[in-house]
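Chemist: quick one, what's the 3D model for this:
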Amino acid sequence: MEVNHEMNLSTEAGMPAPTPLPRGPSVREPGPVDARPRVPLCPSVLAGSRQGLAGLPSALATAIESALTLYRDTGPLPAGSSEEVLSAAQAALGVGELPHEGIGASSALGCLATVLVQHGLDLSHPRAVAHLQPPPLSVAVVADALASASNASLDTYDSGPAAIAVERWLIGGLIRLAGLGQQADGVLTPGGSMSNLLGLLLARDAVARRRGIDARRHGVSALPEPMVLCSQLAHFSVHRACAALGLGEAAVRVVPTDEGRRMRAGALADILDALGPERTPLAVVATAGTTDFGTVDPLPEIADICAQRGVWLHIDAAYGFGVLFSERLAGRLAGIERGDSITLDLHKLGWQPAAASALLVASQAGFSTLAREVAYLNPSDDAAAGYDGLLGRSLQTTRRPDAVKVAATLLALGRRGLGEMVDACHELARHAERRIAAEPELELVSPAELTTVVFRYRCFHRRPGDRVRLEDQTNAALRRRLLETGWALIGRTAVHLSGDDAPARVCLKLTLLNPTATPADIDELIEVTVQAGRDCERQLEERTAR
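Modeler: Predicted coordinates for the structure are as follows:
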């Protein structure tokens, strides 16, 4: 019998040669055989092999060379209508069914480079300022590719021991950064929405446990009218989480905000104190960095209220957590260390490729509701021997090693390096605030709390009733004009400018997450936005006059 190469390696290493298995009788007739000879694949096609790793630089160089050849310097977006851009991108991939025959790695990478560069978004452009979506750091991108080559998972020890070690190291560092205690723990998730869902799930189950209810097994029907409290500016994922948890979006009780767009702590206390035994407060969600305004709820006061009443405090710091890297701004998150659970996104103020979110919990016992033993994954005797993974901290089974790119960033730049990037973006936002306030045709709606500024274009040439409608139409149109030209990407939102009873007005938003942008870039962006507003206002007036 022939002995394969792997067997020779085992014997040379001092291991006994394996005993050949007996050939049993065939249980069925073999099917038809393809007449074409099978060409064995080279090990280099597998990224994690020695040959595959050796080939990654040349393959990446091919993709980068194609991208540089096609690189677009005109703006953050391709010019054209959405239909034109999407159609061109799909046409570059080919029409019809999926290909039967491959075109080879180099051609495939060149094809995708065409699609991604010519028809995609350039977040590194200084005029890409719409969303909480930063340009990722090069060191993080390279580390992410290296992690992808291993295809490790974090559910079991034997699916990725190194990846587990990196995540545990990272979680420990984030816990210390947040100021949580020795019993704290955490886990990486696919995004802030999932972190919020997981945090509220743990809150729900903790409340149920205190009342002698196993929510995982029996649900929450035995809990009298469960509810979650948050401000009116909380992220919509709080409502989604309540729907997913079987509570329904109607379980969300909205707490009003003050003039600074922060939760009113007094109103929260009044609402909680007015609840009778027929209501079950599962959690209060405080926001540390609202999506539109970057405002931070009064965390110390809210923490006092929750502690006095025994209510779980979940802090959604998806946007704001990165401020802790900054020595200048970290104080804005004072009180975050008192959260029972904390959501954070490092694919915002952390400059990571998405996704890089985490949920931190004040007590590791909070994860007990997720514990599960599965025979083919984590049998108890393996776990007792130390061969356990992180299955019991997540709603996922297979989970990619997202911690690797974050760890590479922290090792490369340190807290100080990231903090300087946070400071740079905050200063850009403050410059934008001053520039907008000085422009007669713009109205500053919300100042720079973190790295966002909300404003709107103002129309002066109409009666008040007509002007409201014209201004909303103009602000919406000017943003779309900038999108279609591809020259700039700015954000849009709706804000109640004169009380909650008045209709929300269309406003514009700058989300400044590019630390390499300059004040001159901001000045140019403001000037072009004003000009686009003038053009759109004139066109809308002409259309109305017809």
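
Chemist: ok, the residue positioned nearest the centre of the chain - contacts?
Modeler: For the chain, the residue sitting closest to the mean C-alpha position, by Cα atoms, centre = their mean, is G191 at 4.2 Å. Counting by Cβ atoms under 8 Å, 6 or more residues apart in numbering, G191 makes contact with 345, 347, 354-355, 357. For the C-beta atoms, the positions are set from N, CA and C on the backbone; glycine is no exception.

Chemist: at 10 Å what do you get?
Modeler: G191 makes contact with 197, 237, 318, 343, 345, 347, 354-357 under the criterion Cβ atoms under 10 Å, 6 or more residues apart in numbering.

Chemist: distance check, L349 against Y319.
Modeler: Relative to Y319, L349 is positioned 7 Å away (Cβ to Cβ, to the nearest Å).

Chemist: still on that earlier bit, of the contacts of G191, grab the buried ones for ChimeraX.
Modeler: The buried subset of the contacts of G191, as determined by 16 or more other Cβ atoms under 10 Å, is captured in ChimeraX by this line:
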select :197,237,318,343,345,347,355,356,357
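
Chemist: in helices, which of the contacts of G191 appear?
Modeler: Taking DSSP state H as the definition of helices, the contacts of G191 contribute 197, 237.

Chemist: residues that sit against both of L349 and Y319, list them.
Modeler: With Cβ under 10 Å, 6+ apart as the test, L349 and Y319 both reach 132, 289, 450-451.

Chemist: most neighbours among the residues you listed, which one?
Modeler: T451 (32 neighbours; other Cβ atoms under 10 Å).

Chemist: re the thing from before, now do the phi/psi pair for the residue nearest to the centre of the chain.
Modeler: As for G191, its main-chain torsions (degrees, to the nearest 10) stand at phi 160, psi 170.

Chemist: list the contacts for A502?
Modeler: So A502 contacts 468, 496 (Cβ under 10 Å, 6+ apart).

Chemist: ignore what I typed, I meant P99.
Modeler: 93, 108.

Chemist: can you list the residue ranges for helices in the stretch 351-500 of the chain?
Modeler: Secondary structure of the stretch 351-500 of the chain by DSSP state H, counting those that start in this stretch: the helices cover 380-384, 403-437, 464-485.

Chemist: give me whichever of those is most buried.
Modeler: helix 403-437 (a mean of 20; mean count of other Cβ atoms under 10 Å).

Chemist: mean confidence score for that one?
Modeler: Averaging pLDDT along helix 403-437 gives 98.

Chemist: same for that helix, what does it pack against?
Modeler: Helix 403-437 is packed against strand 128-129, helix 138-150, helix 161-178, strand 185-189, strand 442-446, strand 452-457, strand 505-511, helix 519-545, with contacts defined by 3 or more Cβ pairs under 10 Å, 6 or more residues apart in numbering; DSSP states H and E.

Chemist: and the helix or strand harbouring G199 with strand 185-189, angle?
Modeler: Assigned by DSSP states H and E, G199 falls within helix 192-210. Inter-element angle recorded for helix 192-210 and strand 185-189: 140 degrees (by axes from the mean of the first three to the mean of the last three Cα atoms, to 10 degrees).

Chemist: so how far is G120 from the residue lying closest to A318 once chain neighbours are set aside?
Modeler: Closest residue to A318 in three dimensions, ignoring its sequence neighbours and counting by Cβ to Cβ, 6 or more residues apart in numbering: G192, at 3.5 Å. Computed as Cβ to Cβ, the G192 to G120 distance reads 23 Å.

Chemist: higher neighbour count, the two?
Modeler: G192 (26 against 17).

Chemist: contacting residues around the more buried one?
Modeler: 132, 235, 237, 291, 316-319, 321, 343-345, 347-348, 355, 357-359.

Chemist: any stretches of the stretch 51-200 of the chain with poor pLDDT?
Modeler: Scanning the stretch 51-200 of the chain for pLDDT under 70 picks out no residues.

Chemist: and with 90 instead?
Modeler: Residues of the stretch 51-200 of the chain that meet the criterion pLDDT under 90 lie in 52, 55-67, 69-74, 92, 94-101, 103-107, 110, 114, 156.

Chemist: my guess is E449 meets T290, correct?
Modeler: Yes: between E449 and T290 there is a contact at 8.4 Å, judged by Cβ atoms under 10 Å.

Chemist: mutual contacts of the two, please.
Modeler: Common neighbours of E449 and T290 (Cβ under 10 Å, 6+ apart) are 261-262, 296, 320.

Chemist: for A143, the count of nearby residues, please.
Modeler: Neighbours of A143 (other Cβ under 10 Å): 24.

Chemist: any idea how far L77 is from it?
Modeler: For A143 relative to L77 (Cβ to Cβ), the value is 28 Å.

Chemist: for G260, grab phi and psi.
Modeler: Per degrees, to the nearest 10, the backbone of G260 is at phi -90, psi 10.

Chemist: follow-up on the earlier one: who's more crowded, E449 and T290?
Modeler: Between E449 and T290, counted using other Cβ under 10 Å, the more crowded position is T290 (26 against 23).

Chemist: burial of the closest residue to that one other than its chain neighbours, as a residue count?
Modeler: Using Cβ to Cβ, 6+ apart and skipping residues adjacent in sequence, the residue nearest T290 is L233, 4.5 Å away. For L233, the neighbour count with other Cβ under 10 Å is 18.

Chemist: what helix or strand is L233 located in?
Modeler: Judged by DSSP H and E, L233 forms part of no helix or strand.

Chemist: list the contacts of it.
Modeler: Contacts of L233 by Cβ under 10 Å, 6+ apart are 254-255, 257, 261-263, 287, 290-293, 295, 297.

Chemist: endpoints of stretch 357-376, how far apart?
Modeler: One end of stretch 357-376 to the other measures 28 Å (Cα to Cα, to the nearest Å).

Chemist: now it: mean pLDDT?
Modeler: Mean predicted confidence for stretch 357-376 is 92.

Chemist: for it, buried residues please.
Modeler: The neighbour-count check on stretch 357-376 (16+ other Cβ under 10 Å) flags 357-363, 366-367, 369-370 as buried.

Chemist: now swap in stretch 395-404 and tell me
Modeler: By 16+ other Cβ under 10 Å, the buried positions in stretch 395-404 come out as 396, 399-404.

Chemist: would you mind measuring the gap between the ends of that stretch?
Modeler: End-to-end for stretch 395-404, by Cα to Cα: 20 Å.
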